[in-house]
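Trainee: sharing a sequence plus its predicted fold:
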Amino acid sequence: MFYKLKHNHDGSYTINNNLGRLHYNRIGSFLNEEVNSIFDFAYRMTFGGEGAHRNMRTGGTANRTNGQKFANTFQGKLGELAVYKELCRLGLNASQPDYTVGGLGYWDHFDMIVNDRQVSIKSIKFFSQLLLLETGDWDDNGRYLHGMDANRNIIPVHYDFVFLSRINPSSEDTLSHHHLLYSDRVNRNDLSDIILSNEWGYDIPGFITCDDLIYVIQHRHIIPAHSMFSPNGRRYTEIEAENYYVRAADMHSLNEITALLPA
């Protein structure tokens with residue numbers, strides 16, 4: 001069952017007090033060499049100027065700095081590796097995360113193949129409670145609109161599953177603490193020292209299927225652009241773009257994936 005958020009009189013959104021929240025429970029961590037490889041990829045894609053990212057989110061209005069892009073890229077690739085490690089632990093055949101530095105559109109296909117199924121992986125901060133999918137990126141059949149085929153033609157992509165991972169500490173908060181989040185230039189060695197001084201861990205709230213996503217779309221589980229959201233009614237975050245949402249507590253648990261995949 002997928003529950004809707006509570007829409008308050010002041011226009012903000014919170015999780016209904018009668019529904020549970022999924023507290024962060026670390027199930028794994030990353031080796032220094034894994035973090036270093038992902039740091040190298042994220043740095044080259046952003047501050048290094050070798051890759052390319054969209055300057056703003058679909059439906060968003062804010063141009064992102066290299067610091068913001070780095071934080072998102074670093075966290076996202078940690079999230080992919082976390083899911084890969086756990087799927088391998090379950091004995092599934094998962095493709096390894098790709099560290100190829102690519103231009104616009106290179107990453108708009110799929111994150112991973114698991115037992116011949118296409119998977120998308122979303123990564124959020126460790127205390128976050130929502131899987132957010134920008135409404136402008138998806139059609140009514142739950143297909144991602146910005147995929148590419150082998151010839152670089154834009155085509156809708158069907159994902160069989162969307163996984164959610166949570167990363168601790170928050171890469172955004174880490175850069176913000178060192179006054180680097182809104183920077184476009186940074187010394188590579190200084191940033192590397194900051195990143196590698198942390199112990200990075202993760203949990204995986206679970207996943208949704210394509211049918212689940214279609215349900216969320218049809219029942220309009222939508223949080224509007226510029227809405228304020230808080231999981232507990234205290235710390236509020238502005239949602240930049242309009243998103244479909246799924247509460248982390250409502251997702252299928254990780255272990256359920258084995259029953260839904262072919263051998």
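Mentor: Noted; the coordinates are in hand. All figures in this text were calculated on a predicted structure; none of them were measured in a lab.
Trainee: all contacts plus neighbour counts: C-alpha atoms, from now on.
Mentor: Fine.
Trainee: contacting residues around stretch 200-220?
Mentor: For stretch 200-220, the surrounding residues in contact (C-alpha atoms under 8 Å, 6 or more residues apart in numbering) are 2, 22, 24-30, 35, 79, 82-83, 126, 140-142, 158-169, 244-246, 248-249, 251-254.
Trainee: okay, now residue 31: neighbour count?
Mentor: 10 (other C-alpha atoms under 10 Å).
Trainee: can you check residue 142 too?
Mentor: Using other C-alpha under 10 Å, residue 142 has 23 other residues around it.
Trainee: in this structure it contacts residue 158, no?
Mentor: Yes: between residue 142 and residue 158 there is a contact under C-alpha atoms under 8 Å: 7.1 Å.
Trainee: for the stretch 151-263 of the chain, what spans make up the strands?
Mentor: With DSSP state E, counting those that start in this stretch as the criterion, the stretch 151-263 of the chain has strands at 154-158, 161-168, 201-209, 222-223, 227-230, 237-239, 243-247.
Trainee: quick one: the shortest one to chain centroid distance?
Mentor: Translated: strand 222-223. The chain centre lies 17 Å from the centre of strand 222-223; the measure is C-alpha atoms, centre = their mean, to the nearest Å.
Trainee: what strands line up against it, and which way round?
Mentor: Its sheet considered, strand 222-223 pairs with strand 243-247 (antiparallel) by DSSP bridges.
Trainee: now the strand it pairs with and strand 201-209, what's the angle there?
Mentor: Counting by axes from the mean of the first three to the mean of the last three C-alpha atoms, to 10 degrees, strand 243-247 lies at 110 degrees to strand 201-209.
Trainee: which residues are contacting strand 243-247?
Mentor: The set of residues external to strand 243-247 that reach it, using C-alpha under 8 Å, 6+ apart, is 2-3, 129-135, 216-217, 220-225.
Trainee: just the CA coordinates of that strand, formatted as PDB?
Mentor: C-alpha atoms of strand 243-247 as PDB (Å, rounded to 0.1, in the frame of the first residue of the first chain):
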ATOM      1  CA  ASN A 243       7.800  15.100  -8.100                       C
ATOM      2  CA  TYR A 244       6.000  11.800  -7.800                       C
ATOM      3  CA  TYR A 245       6.800  10.300  -4.400                       C
ATOM      4  CA  VAL A 246       6.900   7.000  -2.600                       C
ATOM      5  CA  ARG A 247       7.400   6.800   1.100                       C
END
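Trainee: count of residues packed around residue 230?
Mentor: Neighbours of residue 230 using other C-alpha under 10 Å come to 16.
Trainee: partner residues bridging it?
Mentor: Assessed by DSSP bridges, residue 230 has beta-bridge partners residue 14.
Trainee: could you check how many residues crowd around residue 169?
Mentor: Neighbour count of residue 169, defined by other C-alpha under 10 Å: 17.
Trainee: okay, it: pLDDT?
Mentor: Residue 169 carries a pLDDT value of 97.
Trainee: over to residue 55?
Mentor: Residue-level pLDDT assigned to residue 55 equals 51.
Trainee: shaky segments in the stretch 1-150 of the chain?
Mentor: Applying pLDDT under 70 to the stretch 1-150 of the chain flags residues 51-62, 102-110, 149-150.
Trainee: can you do 80?
Mentor: Across the stretch 1-150 of the chain, the stretches falling below the confidence threshold (pLDDT under 80) are 17-19, 51-62, 102-110, 147-150.
Trainee: turn the strands of the stretch 151-263 of the chain into JSON lines, including distance to residue 88.
Mentor: Below are the strands of the stretch 151-263 of the chain laid out as JSON lines (distance: least, C-alpha to C-alpha, whole Å):
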{"stretch": "strand 154-158", "distance to residue 88": "23"}
{"stretch": "strand 161-168", "distance to residue 88": "14"}
{"stretch": "strand 201-209", "distance to residue 88": "14"}
{"stretch": "strand 222-223", "distance to residue 88": "33"}
{"stretch": "strand 227-230", "distance to residue 88": "34"}
{"stretch": "strand 237-239", "distance to residue 88": "34"}
{"stretch": "strand 243-247", "distance to residue 88": "25"}
